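Novice: dropping the sequence and predicted coords here.
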Amino acid sequence: MTTTWNADNMHSEIGFKVKHMMITNVSGNFERFTASAESNGDDFTNGKFTFSAEIDSINTGVSDRDGHLKSDDFFGAQSFPLLSFNSTGVAKKSDDEYTITGDLTIRDVTKNVEFQAELGGIAVDPYGQTKAGFSISGKIKRSDFGLTWSAVTEAGNIVVGDEVKLSAEIQFIKKN
């Protein structure tokens, strides 16, 4: 029997980290997103995961940087308002570890990517809702998705790294 789970956005986040000047990471997140999962009861093996995030909701804590990331130099939020992921496979590696593969679309470029997921557990909250918690992580190259803006300092340092670390902490609510 297929069970549907929807993200509890109050207890979930989708974020990223990228090297700045190749010496530190800059973090950001998407404030508006949806995520869902389908499972066989409480077993997520061979399940399905989807998410989408509104590019216009990107937040790095610096409004000028956020504006640049929304511009055509990076995400092109006006022309490409969403990034999305649809899983094509879920493999169980251990009791609480999964590999999730699927299609990530950014700027109308779709690439197959792989995420590592850890099931933190399944619990019933004080309101009687069954919840499942996942920590999900992976890496992509932004250049693979057409995000190729770059600059080099006078000293030769690259301003923005190509590798982006993606992370999500998702608390799903079982749909009755």
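Specialist: Arrived safely. Residues are numbered from 1 along each chain as shown.
Novice: and residue 68, how many neighbours?
Specialist: Neighbour count for residue 68, taken as other CB atoms under 10 Å: 15. Where C-beta positions appear, they are placed from N, C-alpha and C, glycine not excepted.
Novice: any idea which element residue 65 lies in?
Specialist: helix 63-70 (DSSP states H and E).
Novice: mind listing what's buried along the following helix or strand past that helix?
Specialist: Proceeding C-terminally, helix 63-70 gives way to strand 82-92 as the next helix or strand, assigned by DSSP H and E. By neighbour count, and taking 16 or more other CB atoms under 10 Å as the criterion, the buried residues in strand 82-92 are 82-85, 87, 90, 92.
Novice: hmm, who's touching stretch 168-176?
Specialist: Applying CB atoms under 8 Å, 6 or more residues apart in numbering, the contact partners of stretch 168-176 are 3-8, 11-15, 35-37, 51, 129-137.
Novice: just the mean pLDDT for stretch 13-22, thanks.
Specialist: The average of the pLDDT scores along stretch 13-22 is 88.
Novice: pull out the buried positions in that stretch.
Specialist: Neighbour counts over stretch 13-22 (16+ other CB under 10 Å) mark 14-19 as buried.
Novice: return the subset of these lying in strands.
Specialist: Counting by DSSP state E, the part of the buried residues of stretch 13-22 found in strands is 14-19.
Novice: in JSON lines, list these along with distance to residue 108.
Specialist: As requested, those are arranged in JSON lines below (distance: CB to CB, whole Å):
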{"residue": "14", "distance to residue 108": "20"}
{"residue": "15", "distance to residue 108": "23"}
{"residue": "16", "distance to residue 108": "19"}
{"residue": "17", "distance to residue 108": "24"}
{"residue": "18", "distance to residue 108": "21"}
{"residue": "19", "distance to residue 108": "25"}
